[in-house]
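Colleague: this one's structure only:
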């Protein structure tokens, strides 16, 4: 073994190299594959056609999340027959190939990127893949986690490996103390706004710096989750005491002597002093504010105190056209203060912000207030475990009393594949990850914000600067 | 996978940057369990009004581009969701080549698995091709994967980079799983040792 200083990414990568055939991509071993109903049916079909088996069913887990309704009645009788067929295909595929499924009836069902960590499947140093672009969420634990297409899902099912070209490394350090009410969501929106939606294409990002270290595991997952929105292959954070405290005692965490051995191994997963990155960026945490997206790409964000930008302010001609098109779609006028934008809907949830800490943060803002009569707002916990915990803490009551709907777990209106959809022209404050045209429903207009900002917008009926919010005891 | 050598075909200009996979194939079509038949839904929300009428101004509804097999687009093409349905829809519609200044990573893999050749050219060259495809009737391009060039009959010529292994797979139309299974002995040996690492086990 060479003693050259290495990055976190390199350490994890090297532990998983099965073969390095000359002139070809590296063959990488995969420790865990997460599966869901939308990107897996064609992969299982491919296995059947080729007469192949799943190599390591014990290194796979599956859940239903993308398409599933979030009201109890609708879950029992899914009226969308095509969605129902996809869910039953997953049931059959998991039964036929021996894969554990967190199905509709499971007490642990939830969004794939929420239940992986919650059940202790996600661990530092692992390689984790899923047919879903938000797989980098698991990088918050120091895992090398990335999204892929369905052919690759099939490839991993058949071989437990994936041919991968080695990405470049990019360290983003956020240094200093985050100002009051500036959350993990604001950190990642600020990064995407700064480097653009293709700013990290081809890179493995490592998030570092004192502001990142100060985040909880939930906050770190929010940051890593949206890495793909800057184009990167994966995002990682070195494991530390916060990570180990989260993992200890989880259902699939190592126990006893194995735990001590594991912590000793995981503790080695840090970037060595002097290790070289292909790129570096340092951000001053103290300059950050709560952000709101104003356009149709996650890079189109601005601090809450600013206004909708003029297309003329864009750097290039092609970006000017993009800005103008986004403003037209969003039905916004340049120069409008972001605080004056009135909203119709609020969605709190998703693999970005559907964890217990997000529920607590939103409830803290909502407590003792009422949702504006002009707004329809819903809270969708990311998993049954999040839901149960929130209910134990009485958060559901706070939300209901304030006029929010309290739903069953799923991806819901993050991508609107289930019945939770915006109507054309509706404007939504959303804690999800994408504000693409039509993402939450055809003609729908999405503004990305933190859970606190979304809850406050629901009450005020328009965006507000959360830093001035009066929290009621 | 269909092997790819050289293609001469009509080019369609999609003069937009950051085209995301939600636009290429909207979510409602991801509920299907088949791998085929997505072509009808390609760019669905841009091709049709909410009441089902074709949007005349959209390039793929313009009869001039009927039968186009080469798509020319702005930078960061196919960003966003990992859905391979985007590659299936482009291939099923008839596209075999996409030319752009840059592509999103996951789509780059997905396209390769479906025999779609992605050609990265400079912003200036792409701008030129967009203009030509818009202004010259019946504008055709020739894409040679062997020579790694894009040419037209008006004297345009640009070469592009392609990873040698990816090129070989596209030209031969090779199945990835079959390629990986050449390393079965190495994989078996690696896995036996790797399984001993309790800290990397999925389950305890």
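Modeller: Structure's in. What do you need? Note that the coordinates shown come from a computational prediction; the quantities given were computed from them, not determined experimentally.

Colleague: Let's see the pLDDT reported for residue A:1.
Modeller: Looking at residue A:1, its pLDDT is 51.

Colleague: The worst-scoring helix or strand of chain A on mean pLDDT: which residues count as buried?
Modeller: Counting by mean pLDDT, DSSP states H and E, chain A has its least confident helix or strand at helix A:72-76, which shows a mean of 91. Buried positions in helix A:72-76, judged by neighbour count with 16 or more other CB atoms under 10 Å in any protein chain shown: A:74-75. The C-beta positions use only the backbone N, C-alpha and C, and glycine is treated the same way.

Colleague: so residue A:399 makes contact with residue A:393?
Modeller: No - if you go by CB atoms under 8 Å, residue A:399 and residue A:393 don't touch, sitting 11.4 Å apart.

Colleague: tell me which strands and helices the longest strand along chain B is in contact with?
Modeller: Longest among the strand segments of chain B by residue count, using DSSP state E, is strand B:6-14. Packed against strand B:6-14, as judged by 3 or more CB pairs under 8 Å, 6 or more residues apart in numbering or on different chains; DSSP states H and E, are the following elements: strand B:70-73, strand B:97-100, helix B:123-135, strand B:140-144.

Colleague: which of those sits most buried?
Modeller: Of these, the one with the most neighbours on average (mean count of other CB atoms under 10 Å in any protein chain shown) is strand B:70-73, at a mean of 27.

Colleague: Sheet-wise, list the partners of that one with their directions.
Modeller: Paired with strand B:70-73 in the same sheet, following DSSP bridges, are strand B:6-14 (parallel), strand B:97-100 (parallel).

Colleague: Let me have those in CSV, extended by mean pLDDT.
Modeller: Below are the strands paired with strand B:70-73 laid out as CSV (pLDDT from 0 to 100):
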stretch, mean pLDDT
strand B:6-14, 98
strand B:97-100, 98
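
Colleague: how much space between the nearest residue to residue A:193 once chain neighbours are set aside and residue A:291?
Modeller: Distance criterion CB to CB, 6 or more residues apart in numbering or on different chains; nearest residue to residue A:193, sequence neighbours excluded, is residue A:301 at 4.2 Å. Distance from residue A:301 to residue A:291, counting by CB to CB, to the nearest Å: 5 Å.

Colleague: again, but for residue B:61
Modeller: Going from residue B:61 to residue A:291 by CB to CB gives 37 Å.

Colleague: Looking at those two, which is more packed in?
Modeller: Neighbour count, other CB atoms under 10 Å in any protein chain shown: between residue B:61 and residue A:291, residue A:291 has more, with 27 against 15.

Colleague: next one: phi and psi at that one?
Modeller: Main-chain torsions, residue A:291, degrees, to the nearest 10: phi -110, psi 160.

Colleague: Just list the residues touching it, thanks.
Modeller: A:185-186, A:189-190, A:193, A:301-304, A:448-450 (CB atoms under 8 Å, 6 or more residues apart in numbering or on different chains).

Colleague: repeat that for 7 Å
Modeller: A:186, A:189-190, A:301-304 (CB atoms under 7 Å, 6 or more residues apart in numbering or on different chains).

Colleague: Any idea what it is bridged to?
Modeller: Beta-bridge pairing of residue A:291 under DSSP bridges involves residue A:303.

Colleague: how close does it get to residue B:150?
Modeller: Using CB to CB, residue A:291 is found at 40 Å from residue B:150.

Colleague: just residue B:156 next, same as before
Modeller: 7 Å.

Colleague: Compare these two (neighbour count), which wins?
Modeller: Shown here are residue B:156 and residue B:150; by other CB under 10 Å, residue B:150 has more neighbours (23 against 14).

Colleague: That one pairs with what?
Modeller: Going by DSSP bridges, residue B:150 forms beta bridges with residue B:143, residue B:158.
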